[in-house]
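Novice: okay, sequence plus prediction incoming.
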Amino acid sequence: MRIGAHVDSTDPLAEAAARSADTVQFFLSDPQGWKAPKPREDAELLRAAEVDLYVHAPYVINVATLNNRIRIPSRKLLLAHANAAAAVGAKGLIVHGGHVNAGDDLAVGFDNWRKTFAYAADSGGFGVPVLIENTAGGENACARRLDALARLWDAIGDHEVGFCLDTCHAYAGGEELLGLVDRVKAITGRIDLVHANNSKGGFNSGQDRHDNLDGGTIEPELLVAVIRAAGAPVVVETPGGVPGQAADIEFLRQQLGTESPAA
């Protein structure tokens, strides 16, 4: 099992080494902005690295919304980030499931996801697996609760898409962690990546506030059980910089019986 962390994008390989991580996740541009990513001078080095790379799309992307001033730029930006992620050899591009506004028909949001994959196909494809991530809040979200996730997967149909399971988001979003992996796989057939995070907020709080694995409101043993059951690569998005994330990575390795890259 490959275990790593979300890191600063300036030098992801140095950040991986500092944490003894064998996978890293990073942004390719401002996560709160609409600018397309620029080509990276270290792209060849990143492609050749033994560290597995994942890219997280900007938070502003919402391809589900009925607001075409957000939906259309979101499609274009998602495709731009997918192409840029492919250029650095990333194994996947993670994007939040998005939402519709209050009073809008959620079914249209699911169909907008279908149209996003059709748009990408008409433009030559994403070039990298797109991993939709479950989210913590919102009553009109496409991927907060599993009943919505099932409708989303039905709408996407045969398009090649993966799933990223965030443990904090699931718990804060109101999904019991016990047996969660089986329930998710019954819908998606797969879990491609786990965002391993404890939660500062309580169950069903809707709060997207990550904590270190041995802190927060989720029992650490339950987090480990979910991660073990998922059997997918793991990225911690926890606070504390290098020391905090390195401790979380080491905690998981000890609990799961895996070795560090230097072992």
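Specialist: Sure, I can see it. Here the structure is a predicted model, which means the values were calculated and not measured.

Novice: all strands of this structure, in order?
Specialist: For the chain, applying DSSP state E gives strands covering 3-6, 23-26, 52-56, 93-96, 130-133, 162-166, 193-196, 198-199, 210-211, 234-236.

Novice: what residues does the fourth one touch?
Specialist: Translated: strand 93-96. 25, 54-57, 59, 61-63, 78, 81-82, 85, 126, 128-133, 135, 143, 164, 193 (CB atoms under 8 Å, 6 or more residues apart in numbering). Any C-beta I mention is one placed from the backbone N, CA and C, and that applies to glycine too.

Novice: give me the buried subset of those residues.
Specialist: Among the contacts of strand 93-96, those classed as buried by neighbour count (16 or more other CB atoms under 10 Å) are 25, 54-57, 61-63, 78, 81-82, 85, 126, 128-133, 135, 143, 164, 193.

Novice: deepest-packed of the strands of the chain, please.
Specialist: strand 234-236 (a mean of 28; mean count of other CB atoms under 10 Å).

Novice: run the chain-centre distance for it.
Specialist: On the basis of CA atoms, centre = their mean, to the nearest Å, strand 234-236 sits 9 Å off its chain's mean C-alpha point.

Novice: quick one: neighbours of G244, just the number.
Specialist: 18 (other CB atoms under 10 Å).

Novice: contacts only, for it.
Specialist: 212, 238.

Novice: A155 too?
Specialist: Neighbour list for A155: 110-111, 113-114 [criterion: CB under 8 Å, 6+ apart].

Novice: okay if I get the strands of the chain as TSV plus distance to P39?
Specialist: Shown next, in TSV, are these (distance: least, CB to CB, whole Å):
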stretch	distance to P39
strand 3-6	22
strand 23-26	15
strand 52-56	14
strand 93-96	16
strand 130-133	20
strand 162-166	25
strand 193-196	25
strand 198-199	36
strand 210-211	31
strand 234-236	24
